[in-house]
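S.K.: Sequence isn't available, so here's the structure alone:
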Ligand code: SF4
């Protein structure tokens, strides 16, 4: 897995943003995560090494914009160039996670057509309201690859009407950090069942720090959250394995 952070910083726009890990991370260094800036690795996809090989090796999945949102307003002037770099690397798969799917078309390249084959767009929805707002848009956009991420999962969500053969995967996880909100195993299981019924790959990524199962509340240390989810054994084939650093974007 490779990561590309062309810009950094973001604005809270959704209930899932409350305990955003970008804000938590920046606060540790006395920085304000609402200050958005273009990073020094902006042109990483087109950078080469001294021996002429590309910095990002062919075949990599490139997790894009994990410390911001690719469709953030401040990035409107940078995004056209970012799209050009993405287009120039058909040998990579760019995985973009967003809460701003309604801004997808702002700065979209003219040659987008039915989509770039090397882009997967994943929409985050943490509750039913956000699912109902964002997933109808995701379903209809010109994309070759689309996924759903329910993290931090804050309530029971019915995804039934959004799961179809155009959705390539659903990932679910709880919330981490000192102020983590509750995640119930029943909510996770409901989504897992819906995915199985629809034939959509499902991945339970992590429990979060406050996890309720069978009416009992568990406080789960960070180092065990992914392992506990894996041990639940409820993934269905093909579910994406996201890394720990991809939390709750
Ligand atoms: S990075 Fe993601 S979670 Fe954090 S404020 Fe932006 S959209 Fe919200």
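M.R.: Yep, it's here. This is a predicted model, so every value here is computed, not measured.
S.K.: Return the backbone torsion pair for residue 136.
M.R.: phi -60, psi -30 (degrees, to the nearest 10).
S.K.: For it, the count of nearby residues, please.
M.R.: Residue 136: 12 surrounding residues under other CB atoms under 10 Å. Glycine gets a C-beta too; all of them are placed from N, C-alpha and C.
S.K.: Identify the residue nearest it in space, chain neighbours excluded?
M.R.: Setting aside the residues directly before and after it, residue 136 is nearest to residue 162 in space (CB to CB, 6 or more residues apart in numbering), at 7.5 Å.
S.K.: Just the pLDDT at the closest residue to residue 113 other than its chain neighbours, thanks.
M.R.: The shortest distance from residue 113 to any non-neighbouring residue, by CB to CB, 6+ apart, is to residue 142 (6.8 Å). In the predicted model, residue 142 carries a pLDDT score of 97.
S.K.: And for residue 237?
M.R.: 85.
S.K.: show me what contacts it?
M.R.: Listed by CB atoms under 8 Å, 6 or more residues apart in numbering, the contact set of residue 237 reads residue 201.
S.K.: Next, the residue nearest to residue 136: phi, psi?
M.R.: Per-residue torsions, residue 162: phi -110, psi -10 (degrees, to the nearest 10).
S.K.: which helices and strands sit right next to the helix or strand hosting residue 188?
M.R.: Applying DSSP states H and E as the criterion places residue 188 in helix 185-198. The contact analysis (3 or more CB pairs under 8 Å, 6 or more residues apart in numbering; DSSP states H and E) places helix 185-198 against strand 170-173, strand 202-206, strand 210-213.
S.K.: Figure out the helix or strand that the residue sitting nearest the centre point of the chain lives in.
M.R.: The chain has residue 97 as the residue nearest its centroid, 3.5 Å off, counting by CA atoms, centre = their mean. Element membership for residue 97 (DSSP H and E) is strand 93-98.
S.K.: what's the neighbour count on residue 168?
M.R.: Residues near residue 168, counting by other CB under 10 Å, number 18.
S.K.: pretty sure it is touching residue 143, no?
M.R.: No - Residue 168 is beyond contact range of residue 143, at 9.8 Å (criterion: CB atoms under 8 Å).
S.K.: Which residues does the helix holding residue 188 contact?
M.R.: Around helix 185-198, the neighbours that count as contacts under CB under 8 Å, 6+ apart are 150, 153, 155-160, 163-164, 167, 170, 172, 201-202, 204, 211-214, 232, 234, 236.
S.K.: Please work out which residues outside the strand holding residue 97 touch it.
M.R.: With CB under 8 Å, 6+ apart as the contact definition, strand 93-98 has outside contacts at 4, 60-66, 69-71, 86, 104, 118-124, 145, 149, 246, 249.
S.K.: That one pairs with which strands?
M.R.: Strand pairing for strand 93-98, using DSSP bridges, gives strand 61-64 (parallel), strand 119-124 (parallel).
S.K.: Could you dump those strands into JSON lines and include distance to the ligand?
M.R.: Converted to JSON lines, those look like this (distance: least, CB to the nearest ligand atom, whole Å):
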{"stretch": "strand 61-64", "distance to the ligand": "12"}
{"stretch": "strand 119-124", "distance to the ligand": "7"}
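S.K.: how about a markdown table for these, with mean neighbour count and mean pLDDT added?
M.R.: What follows is these, written out as a markdown table (neighbours: other CB atoms under 10 Å; pLDDT from 0 to 100):
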| stretch | mean neighbour count | mean pLDDT |
| --- | --- | --- |
| strand 61-64 | 21 | 98 |
| strand 119-124 | 23 | 98 |
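S.K.: Let's have the ones you listed in CSV, adding distance to residue 138.
M.R.: Shown next, in CSV, are the strands paired with strand 93-98 (distance: least, CB to CB, whole Å):
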stretch, distance to residue 138
strand 61-64, 17
strand 119-124, 5
